[in-house]
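Trainee: I'll drop the sequence and a predicted model, then ask my questions.
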Protein chains: 2
Amino acid sequence: MDTKTKILNAAEILFAEKGFTATSLREITSDAEVNLAAVNYHFGSKKELIKALMKRYLDQLSPVLVSSLVKVNEQTQKPTLEQVFTAFVEPLLSLNAYRQNGTSIFLQLLGRSYTDSQGFLRWFITTNYPGIIDNFVTAVHRAYPELSTEDIFWRLHFTMGTAVFTMSSTGALIDIAENDFGEKVDVAGVIYRIIPYVAAGVGAPISRV
Amino acid sequence: MDTKTKILNAAEILFAEKGFTATSLREITSDAEVNLAAVNYHFGSKKELIKALMKRYLDQLSPVLVSSLVKVNEQTQKPTLEQVFTAFVEPLLSLNAYRQNGTSIFLQLLGRSYTDSQGFLRWFITTNYPGIIDNFVTAVHRAYPELSTEDIFWRLHFTMGTAVFTMSSTGALIDIAENDFGEKVDVAGVIYRIIPYVAAGVGAPISRV
DNA sequence: TGTCATTTTAAACGCATGTTTTAAAAAATA
DNA sequence: TATTTTTTAAAACATGCGTTTAAAATGACA
């Protein structure tokens, strides 16, 4: 395995666990068993490493997800919100074949990228992968045409929060669920539990405040 | 104003804006116009300062919030989920009378405390203010008795994720909303937008997977 | 095999962090 | 007022950070 990949593989786990700022290059290179300077040699800087990491996942996910959303938009005149959100499941879980715990790691990284760094990664994602957001918004709009653009904006962010927050503590939650309810759950199980929740949330009646 | 208060007032703003790790004691003491060593003298450490900060808010909020939830449980035989979540609004907004932008600052700090630090504040809150969670779960159970304990567990966690994630990025979101839609939103506006969402999410039909 | 470019290595740089120390100043107490 | 306690002040400390440097090792290719 080449040095670049070793760094990426070690970095994604640490970043997902502890966040970008709380993870040092020394930890990463130590776990990856490469020299400290290798990060700056191969990626230029820590910031560029983070970008490369997200790119590796997004390049994998984006085409699959976009085509899944396009399919929903083409096949159904007026999809249900459950159908829209279910379109995420298979593409997201396909990341598990790509990398071990890929789904969980990616969602955690996504969450970190929103809260940790002051929005530079947010910009990176939205400008480089507009197809995801566009097709998603379109699908939601078709499923619930009465929702205004603002409503969609806010409710999609709430949904993002639900997914990201849940995934970042999935390990602990799965343990609790098993201890307290004797219920065995895995990442896929959690995703299937989230869908009715977010579908109902996005589909909530429009409130007149 | 005494040194302790000056530090707390300066710290809460910086912490809410940038997170705990990204804010240095030198920034805080500079803004507060006190000596650098004052933090460690008065609070012992940065960690204790953060705890003191959360305590100042939670001591203010907790009794009001608990009594608001108790009122819902006592006054209505079977409250709606909207009623349950609406019970949070007034207590939260009352923090604005307590400190300028108190609601926003507190919610952002709460969000930071879940994602930034590795759960020590999470423990601090749940162990020191159990009345909030207990009364909340009771209210949800009365509003939707068909929900199993597992379902409540998962859905309340999703709800927490929605709130926490949204609040920790409220600043950025409000800016985007204004730029993209020319829509001026404040914290109260965000809270009122969240309520229908989480109420519908928790109230979603029980899915048989 | 010798030459050149690429990659790895160890060390150091400059800087920022939380914390501690030591002494002076202020406030409280008697 | 004299003495003790609390608070401020400036400086230094120890540590960890991202990054850079310069030499050594490795690889590709004529």
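Mentor: The structure has been received and is ready for your questions. Predicted model only: the values in this text are computed from it and were never measured.
Trainee: show me where chain A has strands.
Mentor: In chain A, no strands are defined using DSSP state E.
Trainee: so, low pLDDT: which residues of it?
Mentor: Counting by pLDDT under 70, the ranges of chain A that qualify are A:117-122, A:171-172, A:208-209.
Trainee: around DNA strand D, pick out the residues from it.
Mentor: Applying CB under 7 Å from any atom of the strand, we find that chain A lies next to DNA strand D at A:23-27, A:36-37, A:39-41, A:45-47. To be clear about C-beta, it is placed using only N, CA and C from the backbone, and glycine gets the same treatment.
Trainee: what would the residues you listed look like in a markdown table with distance to chain B and neighbour count?
Mentor: Below are these laid out as a markdown table (distance: CB to the nearest CB, whole Å; neighbours: other CB atoms under 10 Å in any protein chain shown):
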| residue | distance to chain B | neighbour count |
| --- | --- | --- |
| A:Thr23 | 11 | 22 |
| A:Ser24 | 12 | 13 |
| A:Leu25 | 16 | 18 |
| A:Arg26 | 17 | 10 |
| A:Glu27 | 14 | 14 |
| A:Leu36 | 21 | 13 |
| A:Ala37 | 25 | 10 |
| A:Val39 | 20 | 23 |
| A:Asn40 | 22 | 13 |
| A:Tyr41 | 27 | 12 |
| A:Ser45 | 18 | 11 |
| A:Lys46 | 14 | 17 |
| A:Lys47 | 14 | 13 |
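Trainee: buried set for stretch A:68-80?
Mentor: A:Ser68, A:Leu69, A:Val72, A:Asn73, A:Pro79 (16 or more other CB atoms under 10 Å in any protein chain shown).
Trainee: correction: the previous question concerned stretch A:85-104.
Mentor: A:85-89, A:91-92, A:94-96, A:99, A:101-104.
Trainee: from those residues, pick the one nearest B:Ile191.
Mentor: The closest of the buried residues of stretch A:85-104 to B:Ile191 turns out to be A:Phe85 (CB to CB; 24.2 Å).
Trainee: tell me the centre residue of chain A?
Mentor: Nearest residue to the geometric centre of chain A (CA atoms, centre = their mean): A:Leu107, 3.2 Å.
Trainee: how many other residues sit next to the closest residue in space to that one that isn't next to it in sequence?
Mentor: Distance criterion CB to CB, 6 or more residues apart in numbering or on different chains; nearest residue to A:Leu107, sequence neighbours excluded, is A:Met167 at 3.8 Å. Residues lying near A:Met167 (other CB atoms under 10 Å in any protein chain shown) number 26.
Trainee: still on that earlier bit, got the contact list for the residue nearest to the centre of chain A?
Mentor: A:Leu107 makes contact with A:Leu92, A:Ala163, A:Val164, A:Met167, A:Ser168, according to CB atoms under 8 Å, 6 or more residues apart in numbering or on different chains.
Trainee: check contacts around A:Gly44.
Mentor: A:Gly44 neighbours (CB under 8 Å, 6+ apart): none.
Trainee: leaving out the residues flanking it, which one is nearest to A:Gly161?
Mentor: B:Phe165 (2.8 Å).
Trainee: same check on A:Asn101?
Mentor: Using CB to CB, 6+ apart, the closest residue to A:Asn101 is A:Val187 (7.7 Å).
Trainee: can you give me the distance of that neighbour to DNA strand D?
Mentor: 28 Å (CB to the nearest atom of the strand, to the nearest Å).
Trainee: that residue against A:Thr103, yeah?
Mentor: Yes - between A:Val187 and A:Thr103 there is a contact under CB atoms under 8 Å: 5.5 Å.
Trainee: okay, and the common contacts of the two?
Mentor: With CB under 8 Å, 6+ apart as the test, A:Val187 and A:Thr103 both reach A:Leu93, A:Asn96, A:Met167.
Trainee: near DNA strand C, which residues of chain A are found?
Mentor: Residues of chain A lying near DNA strand C by CB under 7 Å from any atom of the strand: A:Asp2, A:Thr3, A:Val34, A:Asn35, A:Leu36, A:Ala37, A:Ala38, A:Tyr41, A:His42.
Trainee: of all those, which two lie farthest apart?
Mentor: A:Asp2 and A:Leu36 (17.1 Å).
Trainee: returning to that earlier point: so the residue nearest to A:Gly161 touches A:Val164, yeah?
Mentor: Yes - B:Phe165 lies in contact with A:Val164 (CB under 8 Å); the separation is 5.9 Å.
Trainee: between those two, which one's more packed in?
Mentor: More crowded of B:Phe165 and A:Val164, by other CB under 10 Å: B:Phe165, with 27 against 23.
Trainee: could you measure from the more buried one over to DNA strand D?
Mentor: 24 Å.
Trainee: contacts only, for that residue.
Mentor: Contacts of B:Phe165 (CB under 8 Å, 6+ apart): A:Gly111, A:Tyr114, A:Thr115, A:His157, A:Met160, A:Gly161, A:Thr162, A:Val164, A:Phe165, B:Gly111.
Trainee: mind checking which of the residues you listed are in helices?
Mentor: Among the contacts of B:Phe165, the members falling in helices are A:Gly111, A:Tyr114, A:Thr115, A:His157, A:Met160, A:Gly161, A:Thr162, A:Val164, A:Phe165, B:Gly111 (criterion: DSSP state H).
Trainee: which of these are buried?
Mentor: Using 16+ other CB under 10 Å, the buried ones in the ones in helices among the contacts of B:Phe165 are A:Gly111, A:Tyr114, A:Thr115, A:His157, A:Met160, A:Gly161, A:Thr162, A:Val164, A:Phe165, B:Gly111.
Trainee: could you measure from the third one over to DNA strand C?
Mentor: The one in question is A:Thr115. For A:Thr115, the distance to DNA strand C (CB to the nearest atom of the strand) stands at 18 Å.
Trainee: ok now do that residue, which residues does it touch?
Mentor: By CB under 8 Å, 6+ apart, the contact set of A:Thr115 is B:Gly19, B:Gly111, B:Thr115, B:Phe165, B:Ser168, B:Ser169.
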